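> Just need the structure, nothing else, for what follows:
(chains A and B)
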Amino acid sequence: MNSTTLTDDQLDEFGKEMDAIRQRVMSELGEEDATYIRNVVKAQRAFEVAGRALFYLPPAWPLAVASLSISKILDNMEIGHNVMHGQYDWMGDPGLNSRMYEWDTMAPSENWKYGHNYIHHTYTNILGKDRDIGYGILRMDEDQEWHPYYLGNPVYAFLLMVFFEWGVALHDLEVENMVKGKRTWEENKALRAGILRKIKRQTLKDYVLFPALTGPLFPLTLAGNATANLVRNIWTFNIIFCGHFPAGVATFSEEECENESRGHWYYRQLLGSANISGSKLMHLLSGNLSHQIEHHLFPDLPARRYPQIAEEVREICQRYGLQYNTGPLHKQLGSVAKKIFKMALPPKKADTASTQTKVSVGDPVAA
Amino acid sequence: MSIVQNLLASRALEALASPHGVDRYLELVNPMWAAREVRARIVDVHREVDVAGHPPVATITLQPTSTWQGHRAGQHVQLGVEIDGARRTTRVFTVSSPDSRQGDRFTVTMRANPDGLVSRHLVEAEVGTMVHLSQAQGEFTLPDQVPDHVLFISGGSGITPVMSMLRSLQRRTHRGRVTFVHYAQSPEHQIFADELAEIARSGYGIDVHLLHPELGDPALSPPWLERLVPGYRDVPTWACGPAPLIDAVQKAYADSDALQVEYFKAPVVSTGAAEGDVTFTRAGSTAANTGATLLEQAEAAGLKPEFGCRMGICFSCTATKKEGTVTNVLTGETSSLPDEDIRICVSSPQGDCAVDL
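I've put the predicted structure just below:
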């Protein structure tokens, strides 16, 4: 069933154009990409060591926190997220390999890769399949049925932001499915053990060992490490929420995506994602997830390539009359915040049809 | 182990460096510092043989990090280099120098075949280049107590492990008798020629026989061996070389326990179509190649490999291809590297192929 604004042939052509970009970039990968990611790793390690060291100088506390925060953001976004996508597997470097890499957050890479690379990237924005729509705790789409529980939407979102790395770690337990009886506590045994192990290591390092190494400054260092983790949590939460939740981003039903063609998959990735415009530094700190559209079209291409191909993707979208959702950070964030509040309330019966975010996708309700 | 080495490999430091590991920090300060990994700096590249029109043979001297635990003569090592500064490629090479201890320098000797990506890179490498190593591996080694009479049979590049053994015996001042038989294409192709000539001249119970069957020397056969070493089937023997030589040796020894062999595995190269067999090494099963993706073929064979998107984006199904050529069904790219990580959901084999599933 084709409920898109394109004909089957157009979808096919669209897919081929995307495949061509992918193939071209793949064939160009080489020393530049390797040097780039190695330099980012070097910078991240340098910020980390500097941050840890500066805690010995109490007046430099804010600087230490800033340095450690940058380190954690780089580790999480431009390195961790992208390396675990397999973007650098072609380098054959075990230190940058998706099967070996472990990031500096509470979530074990093994669980995250399953939930993110497979479930989220394959079933992007398909209601009932993509567990990243609201992460099982928020209502982020009109087609999610309203329940009085969702009156707390803004509060849950705020808590998720503050404790984001914990949220990501627990996400893989699929608590919402356990509540619905679709998943048993037993099934989660191995997952729980892995999460617990990772949490222990992270906690030991940031909240015991490094503070202890600074002796009498223990409380200051502990607070500093906690702050750096908080800064990283807030930043990554905001970047990630701008990826799929701004107004105008489409969601899809399972029926629409049955026996999906490659062209339709690209189409869904494009309309299900949104970019953030901004400076080079912003792109770096977001792990180039500011190019969420390009990332979802080509999740295994090194992220530094996304800005290079964005122009071309945009031009193709224009030709096919497809929306390319982008805007500055404050605009996308504002739009996400508005949605979080709006979705807390039950749908107003009169305007459900007119405010459908799906209008741009050729209204599946009418199709 | 030094105090520093103990500290670097300590659990306390590991906990501080979690989740990346101590080595990920050390390597950025000095590539020769390591807590667990083994790396080495190339300190010398020496051309052994350079016959015009033939691939050169070179000996590379390596200074390993102090994490190198040493090797026993006859063992090999996995050696990885960054091709074009980006793609690390790993191959196995035999150590040619005598037994080494922790952190000792050692040498590897290799022929730079035209399709030998790593060996071609190494023979041209500049002194100072860093390479990645495994610890020494392999069971083709001399025992601690060397028997009174040992026989070495080698062919072509197969001389390397045997040379390491011979050198070790000399260093261990072995008092017994050694018979050394080596087959080469011609005297010009003979590697370690000067050293072997010196050994032959000075004697010390080592009989060196360098043979060139293409120039009329006798090929290996039971009567010939019997004449050279009467009762050879009971003499502890180490043989290394190309498959035809090893086949001949194995036939000559029937099922004698005295023989130990090591082969060179010739890479399996594409036959260009959905023919040949697909082997799943862990399951120990083989099936005719249908040309479908390896994931589909594995499932058809009753295996349940891990998978996710089935479209090449999520890397859930990544597995190690041991040998053979695969085509990426998305890009049409083919690759024939042994021990290569591939996404089985988008890889279809061309001809014979073995996957670690």
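
> The stretch 201-350 of chain B: helices as residue ranges?
B:222-228, B:243-253, B:294-300 (DSSP state H, counting those that start in this stretch).

> any weak-confidence spans in the chain?
Since you didn't name a chain, this refers to chain A. Counting by pLDDT under 70, chain A contains low-confidence residues at A:1, A:350-367.

> oops, chain B please
Counting by pLDDT under 70, the ranges of chain B that qualify are B:1, B:203, B:264-273.

> What parts of it come near chain A?
Residues of chain B that fall close to chain A, judged by C-beta under 8 Å from any C-beta of the partner chain: B:12, B:15-16, B:18-20, B:24-25, B:28, B:80, B:82, B:84-90, B:308-309, B:311-316, B:318, B:330-331, B:333, B:341. Heads up, the C-betas are built off the backbone N, CA and C, glycines and all.

> Now do the contacts for B:Val162.
When contacts are counted by C-beta atoms under 8 Å, 6 or more residues apart in numbering or on different chains, B:Val162 touches B:74, B:152-154, B:180, B:182, B:238, B:240.

> host element of it?
Applying DSSP states H and E as the criterion places B:Val162 in helix B:159-171.

> out of the helices of the stretch 201-350 of chain B, nearest to A:Asn275?
Shortest distance between A:Asn275 and the helices of the stretch 201-350 of chain B, using C-beta to C-beta, is found for helix B:294-300: 32.9 Å.

> Which parts of that closest one count as buried, going by neighbours?
Across helix B:294-300, burial judged by 16 or more other C-beta atoms under 10 Å in any protein chain shown covers B:294-295, B:297-298.

> same thing with stretch A:299-313?
Along stretch A:299-313, these residues count as buried under the neighbour rule (16+ other C-beta under 10 Å): A:299-306, A:309-310, A:313.

> now stretch B:73-83, how far from the centre of its chain.
Distance, stretch centre to chain centre, for stretch B:73-83: 7 Å (C-alpha atoms, centre = their mean, to the nearest Å).

> Repeat that for stretch A:66-74.
Taking mean C-alpha positions (C-alpha atoms, centre = their mean), stretch A:66-74 and its chain are 18 Å apart.

> Quick check: A:Tyr36 touching A:Gln308?
No. Between A:Tyr36 and A:Gln308 there is no contact under C-beta atoms under 8 Å: 11.7 Å.

> The residue of the stretch 251-367 of chain A found nearest chain B in helix, strand or coil?
Closest to chain B within the stretch 251-367 of chain A is A:Pro299: 5.1 Å, counting by C-beta to the nearest C-beta. Using DSSP: H, G, I helix; E, B strand; the rest coil, the structure places A:Pro299 in coil.

> ok, back up a step: quickly check the contacts of B:Val162 for the two that are furthest apart.
B:Gly74 and B:His182 (15.2 Å).

> A:Gln292 versus the residue most central in space within chain A, what's the distance?
When C-alpha atoms, centre = their mean is applied to chain A, the residue found nearest the centroid is A:Ile240 (4.3 Å). Going from A:Ile240 to A:Gln292 by C-beta to C-beta, to the nearest Å gives 9 Å.

> Now render the buried residues of stretch A:299-313 as TSV, adding secondary structure.
Below are these laid out as TSV (three-state DSSP):
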residue	secondary structure
A:Pro299	coil
A:Asp300	coil
A:Leu301	coil
A:Pro302	coil
A:Ala303	helix
A:Arg304	helix
A:Arg305	helix
A:Tyr306	helix
A:Ile309	helix
A:Ala310	helix
A:Val313	helix
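
> could I get those as TSV with distance to B:Arg175?
Below are the buried residues of stretch A:299-313 laid out as TSV (distance: C-beta to C-beta, whole Å):
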residue	distance to B:Arg175
A:Pro299	65
A:Asp300	61
A:Leu301	64
A:Pro302	61
A:Ala303	65
A:Arg304	64
A:Arg305	65
A:Tyr306	69
A:Ile309	71
A:Ala310	75
A:Val313	75
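
> and which of the contacts of B:Val162 is nearest to chain A?
Closest to chain A, out of all of those and judged by C-beta to the nearest C-beta, is B:Gly74, at 27.1 Å.

> pretty sure that closest one is touching B:Leu166, no?
No. Using C-beta under 8 Å, B:Gly74 is not in contact with B:Leu166; the gap is 10.4 Å.

> what about A:Thr35, how many neighbours?
12 (other C-beta atoms under 10 Å in any protein chain shown).

> which residues touch residue 237?
You didn't say which chain, so I picked chain A. A:160-161, A:164.

> Switch to chain B, please.
B:150-153, B:249, B:253, B:258-260 are the contacts of B:Thr237 under C-beta under 8 Å, 6+ apart.

> Next, format those residues as TSV and append neighbour count and distance to A:Pro328.
Supplementary listing: these in TSV, determined by neighbours: other C-beta atoms under 10 Å in any protein chain shown; distance: C-beta to C-beta, whole Å:
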residue	neighbour count	distance to A:Pro328
B:Val150	22	77
B:Leu151	22	78
B:Phe152	25	74
B:Ile153	28	74
B:Val249	21	74
B:Tyr253	21	78
B:Ala258	16	79
B:Leu259	21	75
B:Gln260	15	70
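
> which among the residues of chain B next to chain A end up buried?
The neighbour-count criterion (16+ other C-beta under 10 Å) marks B:16, B:18-20, B:25, B:80, B:82, B:86-90, B:308-309, B:311-316, B:318, B:330, B:341 among the residues of chain B next to chain A as buried.

> This completes my enquiry, with thanks.
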